[in-house]
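Colleague: kindly return the folded structure for what I paste below:
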Amino acid sequence: LSSAICGVTSSAIPEKNGCTVMVGDTVEVVPVEVVVVLMLVTKNSSVPTLRTAFWLLSVAMRGLATSLGCSSLRFSVTRSTMLSFRSITCDISQPQGQELIRELVRHCDVFIENFKVGDMARYGLDADSLLALQPKLVYCSITGFGQTGPYQRRAGYDYAIQGMGGLMSITGERDDLGGGPQKVGVAVADLFTGMYATVAILAALRHAERTGQGQHIDMALLDTQVAMLANLGANYLVAGQYDGKVPGRMGNAHQNVVPYQVFETAANPQGERDHMILAVGNDGQFTKFCAIAGHPEWAQDPRFAKNADRVRNRSVLVPLLEAVFKTRPKADWLADLEQHQVPGGPINNLAEVFADPQVRERDMVTPWQHAVGTPFELVSSPMKLSRTPVRRELPPPTMGQHTEEVLKQVLHYDDARIAQLRAARII
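Modeller: This is a model prediction of the structure:
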């Protein structure tokens, strides 16, 4: 069982609609002889979108066993996620380039594209055309707003989607404390769209395996952002749209759980302000926390005994907690919380994250040697599979590094054919 994975982006040939093809190594995945994925992404796409799409490719095709990404502004994201894959280039604005993609599609099970709505049809690479060539093909389109609707032809970027999809209205400090709209620190709409697309691709692959029928998957960043509103979206639909209570920003607090937020502790040894997280998830944990804090009576107080009571009386309880937290340093609090199994934790910067013994023990940093000769470290895949572990055989490729290798191995092109394509600037 093997997986030859291809991803195509359109930034290979300046001033042309070129593309880069990423081809993965072999790995046991699903019960078919060969799984090949071909991915096309516009050269104007946001970097996180490209990265996410590559992630979903790896997740779908490697049994949730690895991660990969596309060029970081322009190299770092490539380095951090595009692992164990090979790169070729192709100019799909030319008929020969389009035909090369069609030839690859005949060997493909999955095709992923990130072009604007209608662009693929102009190149003869739309879902209907490619499904006619490969009836069991799983064709996945990833756009900002989907293939239908009044916004279908708009460009979609994570930042704008976070705003349009409501996330920035519930992220950031409370407005009465000087807050305002705040985006999340990473491109979550892009990332979640990749993960949702992965699930859809896996489901469609299973269907194709059983029936031989492929299909078109229509993924949109805005759809995903709306779906990931989670409990706050449900709060509005179940009650808010009727009683006029629209969920808003709560800072580091939780809308439905108390106490579940950041608290300032006593100053650190350098005399600087310090903070930590308390994440009480149930009434039993609250009882244990009250004992740790030296106020067991709080757990018996009818205003605080149940989570629903604590939510209603948040404005009374939180000031009491803020005062008690400032009486002890963070290290003392964390030690007591861990001993009594009450959830809490520090707020680490990235240097502290990658120095954390748990992060290191879990093998979340991997050393690599790049093709240009530069050693470096990358974030590892978080997926730990017992039978099909992550493979770390190839570092992130340079642009077009494996063009000849892939064309010879996948399409069996000879040197003369490859030379002709180079001369014509198709590859």
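Colleague: distance of the residue sitting furthest away from the middle of the chain from A155?
Modeller: Within the chain, the residue lying farthest from the chain centre (CA atoms, centre = their mean) is E297, at 43.8 Å. Note on E297: its distance to A155, by CB to CB, to the nearest Å, is 57 Å. Yep, even glycine has a C-beta here, placed from its N, CA and C like the rest.
Colleague: now R153. Nearest residue, chain neighbours left out?
Modeller: Leaving aside its sequence neighbours, R153 sits nearest to V117 (CB to CB, 6 or more residues apart in numbering; 5.6 Å).
Colleague: burial of that neighbour, as a residue count?
Modeller: 19 (other CB atoms under 10 Å).
Colleague: surely it touches Q152?
Modeller: Yes - between V117 and Q152 there is a contact under CB atoms under 8 Å: 4.9 Å.
Colleague: overlap in contacts of the two?
Modeller: T143 (CB atoms under 8 Å, 6 or more residues apart in numbering).
Colleague: quick check: D176 is in a strand.
Modeller: No - assessed with DSSP: H, G, I helix; E, B strand; the rest coil, D176 is helix; it does not lie in a strand.
Colleague: what separation is there between it and P389?
Modeller: 50 Å.
Colleague: looking at those two, which one has more neighbours?
Modeller: In terms of neighbours (other CB under 10 Å), P389 is the more surrounded of D176 and P389; the figures are 13 against 8.
Colleague: tell me the phi and psi of the more buried one?
Modeller: Per-residue torsions, P389: phi -70, psi 160 (degrees, to the nearest 10).
Colleague: what about H254, how many residues close to it?
Modeller: 16.
Colleague: that's a helix at it, yeah?
Modeller: No - note on H254: no helix contains this position according to three-state DSSP, which reports coil.
Colleague: dump the residue contacts of it.
Modeller: 260-261.
Colleague: so what pLDDT did it get?
Modeller: What the model reports for H254 is a pLDDT of 90.
Colleague: same question for T42.
Modeller: 49.
Colleague: for the stretch 251-400 of the chain, what spans make up the strands?
Modeller: 260-265, 274-279, 344-346, 365-369, 375-379 (DSSP state E, counting those that start in this stretch).
Colleague: number of nearby residues for the closest residue to I277 other than its chain neighbours?
Modeller: Spatial nearest neighbour of I277, chain neighbours left out: G345 (5.0 Å); criterion: CB to CB, 6+ apart. Using other CB under 10 Å, the number of residues around G345 comes to 13.
Colleague: closest to the centroid, which residue in the chain?
Modeller: L191 (2.4 Å).
Colleague: what's near enough to touch the residue farthest from the centre of the chain?
Modeller: Per CB under 8 Å, 6+ apart, neighbours of E297: C290.
Colleague: returning to that earlier point: which strand or helix spans the residue nearest to the centre of the chain?
Modeller: helix 188-211 (DSSP states H and E).
Colleague: in that helix, which residues are buried?
Modeller: Going by neighbour count (16 or more other CB atoms under 10 Å), the buried part of helix 188-211 is 188-194, 196-198, 200-202, 204-205, 208.
Colleague: could you look up the next helix or strand downstream of that helix?
Modeller: Assigned by DSSP H and E, the successor of helix 188-211 is strand 215-220.
Colleague: who touches that following strand?
Modeller: Contacts of strand 215-220 (CB under 8 Å, 6+ apart): 127, 131, 138-148, 156, 193, 196-197, 200-201, 204, 207-208.
Colleague: for the closest residue to V226 other than its chain neighbours, give me its contacts.
Modeller: Nearest non-adjacent residue to V226, counting by CB to CB, 6+ apart: G165, 5.3 Å away. G165 makes contacts with 189, 221-222, 225-226, 229, as judged by CB under 8 Å, 6+ apart.
Colleague: now with 7 Å?
Modeller: When the contact criterion is CB atoms under 7 Å, 6 or more residues apart in numbering, the partners of G165 are 189, 222, 225-226.
Colleague: mind listing which of these are in helices?
Modeller: 189, 222, 225-226 (DSSP state H).
Colleague: list just the nearest of the residues you listed to K330.
Modeller: A189 (32.8 Å; CB to CB).
Colleague: look up how far L202 lies from the closest one.
Modeller: From A189 to L202 the distance is 21 Å (CB to CB).
Colleague: again, but for R417
Modeller: In terms of CB to CB, R417 sits 35 Å off from L202.
Colleague: now swap in G244 and tell me
Modeller: For G244, the distance to L202 - CB to CB - is 41 Å.
Colleague: same question for D126.
Modeller: From D126 to L202 the distance is 23 Å (CB to CB).
Colleague: what's around P247, how many residues?
Modeller: 18.
Colleague: now G214. Nearest residue, chain neighbours left out?
Modeller: The nearest residue in space to G214 (CB to CB, 6+ apart) is L137, at 4.0 Å.
Colleague: I'd say the one you found and G212 touch.
Modeller: No - using CB atoms under 7 Å, L137 makes no contact with G212, being 10.7 Å away.
Colleague: who has more neighbours, the two?
Modeller: Set side by side, L137 and G212 show more neighbours around L137, with 24 against 9, by other CB under 10 Å.
Colleague: quick one, phi/psi of that one?
Modeller: Torsion angles, degrees, to the nearest 10, at L137: phi -70, psi 140.
Colleague: residue contacts, it?
Modeller: 105, 108-109, 111, 130-131, 214.
Colleague: how much space separates it from I170?
Modeller: 39 Å.
Colleague: assumed the residue nearest to R153 was part of a helix.
Modeller: No - using three-state DSSP, the assignment for V117 is coil, not a helix.
Colleague: surely it meets T143?
Modeller: Yes - with contacts counted by CB under 7 Å, V117 reaches T143, the gap being 6.2 Å.
Colleague: report the inter-axis angle for the helix holding L191 versus strand 215-220.
Modeller: Computed by axes from the mean of the first three to the mean of the last three CA atoms, to 10 degrees, the angle separating helix 188-211 from strand 215-220 equals 170 degrees.
Colleague: for helix 188-211, packing partners?
Modeller: helix 47-61, strand 138-143, helix 158-164, strand 215-220, helix 221-227 (3 or more CB pairs under 7 Å, 6 or more residues apart in numbering; DSSP states H and E).
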